[in-house]
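Output the structure for:
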Amino acid sequence: MFKVIDTEPLNVDNDEHLRLLAYRSVMQNLHTNVEQGNRLWHLHNELAKAAGQDPCKVFTPALVCALEFYNKAQNSFQYRSEHFDRPIEKGKKPDLKHSALELRNQAPVLAVSCLFSTSHSEQGHIIGPTLNIAPLDENGRAVAAITCALAQRVEVDDKARCLRAPNAAVRLPRRLSRFRAYAITSPSRAPLASFTTRSTTLACPSAA
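As a prediction, the model looks like this:
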């Protein structure tokens, strides 16, 4: 499914490349939460058995944490279904907004791929973007790409200032970079903004 972005140079002007990056972030978040939940559930079973109790009849801190991770996984699945899977099943392109910050002369860094919430709906559903930081070539070009559902654009943009907080987890060097933001709807793409920035700080909070 991700063969295109795994075998071809990443193109930040290619809608499909950016969509696949975002989709992989959601999948990574979903599977990470399921895996963490499974590990904690296993720990709960071991703790209960060590105490001579039936794991199905007792509560442990590990069980509580496992249920929290399963709930996060469910939220990630709902996010994926609503904003990616259902439009594709109907033969439509997902309505997404991509913001790509292209950097030059970058030293090698760890890649980032995550989904996180800026808020939640009244139903508890995730409102938030995906964040990807990845190299573009072997000459020091990299990209920081943020993607959110177009329907969540207002809510996410309102919280986007947190991505430049002083205590942000990922700091990008002070070098002139070109920032391109555009909305992707079906079927056309409408430019939103284009400007130059000298320094940017990005954070990758815990997945919702």
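
How are the helices of this structure distributed by residue range?
Along the chain, the segments classed as helices by DSSP state H run 3-7, 15-50, 61-80, 86-89, 153-159.

Out of those, the one nearest Q123 is which?
For these, distance to Q123 was read as CB to CB. The smallest value, 8.8 Å, belongs to helix 61-80. All C-beta spots, glycine's among them, are computed from the backbone N, C-alpha and C.

what comes up buried for the closest one?
Residues of helix 61-80 classed as buried under the neighbour-count rule (16 or more other CB atoms under 10 Å) are 62-63, 65-66, 69-70, 72-73, 75-80.

if we can go back for a sec, quick one: closest of the helices of the chain to E122.
Here helix 153-159 is closest among the helices of the chain (CB to CB), at 12.3 Å.

would you list the buried residues of helix 61-80 in TSV and tack on distance to H42 and pLDDT?
Written out in TSV, the entries for the buried residues of helix 61-80 read as follows (distance: CB to CB, whole Å; pLDDT from 0 to 100):
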residue	distance to H42	pLDDT
A62	9	95
L63	11	96
C65	12	96
A66	9	96
F69	12	96
Y70	13	97
K72	18	94
A73	16	96
N75	22	95
S76	21	95
F77	21	96
Q78	25	96
Y79	26	96
R80	25	96
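
of these, closest to C56?
Nearest to C56 among the buried residues of helix 61-80: L63, at 10.3 Å, using CB to CB.

Identify the residue spatially nearest to that closest one, adjacent ones excluded.
If you skip the residues right next to it in sequence, L63 has H44 as its closest partner in space, 4.1 Å away by CB to CB, 6 or more residues apart in numbering.

Same list, the helices of the chain, but as JSON lines with distance to I146 please.
Converted to JSON lines, these look like this (distance: least, CB to CB, whole Å):
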{"stretch": "helix 3-7", "distance to I146": "16"}
{"stretch": "helix 15-50", "distance to I146": "9"}
{"stretch": "helix 61-80", "distance to I146": "15"}
{"stretch": "helix 86-89", "distance to I146": "20"}
{"stretch": "helix 153-159", "distance to I146": "8"}
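
which one of the ones you listed lies closest to N105?
Closest of the helices of the chain to N105 is helix 15-50, at 22.2 Å (criterion: CB to CB).

what's the angle from the closest one to helix 61-80?
Between the axis of helix 15-50 and that of helix 61-80 there is an angle of 160 degrees, by axes from the mean of the first three to the mean of the last three CA atoms, to 10 degrees.

Which helix or strand in this structure has the lowest average pLDDT?
Averaged element by element with mean pLDDT, DSSP states H and E, the chain has its least confident helix or strand at strand 189-197 (a mean of 31).

Run through the protein and note the low-pLDDT ranges.
In the predicted model, the chain carries pLDDT under 70 at residues 108-110, 160-208.

I'd like to know how far the most far-flung residue of it relative to its centre sits from G140.
No residue in the chain has its C-alpha farther from the mean C-alpha position than G52, which lies at 41.5 Å (CA atoms, centre = their mean). For G52, the distance to G140 equals 60 Å [CB to CB, to the nearest Å].

Break the protein down into its structural domains.
According to the domain assignment given by automatic domain parsing, the chain is divided into the following structural domains: 27-89, 92-202.
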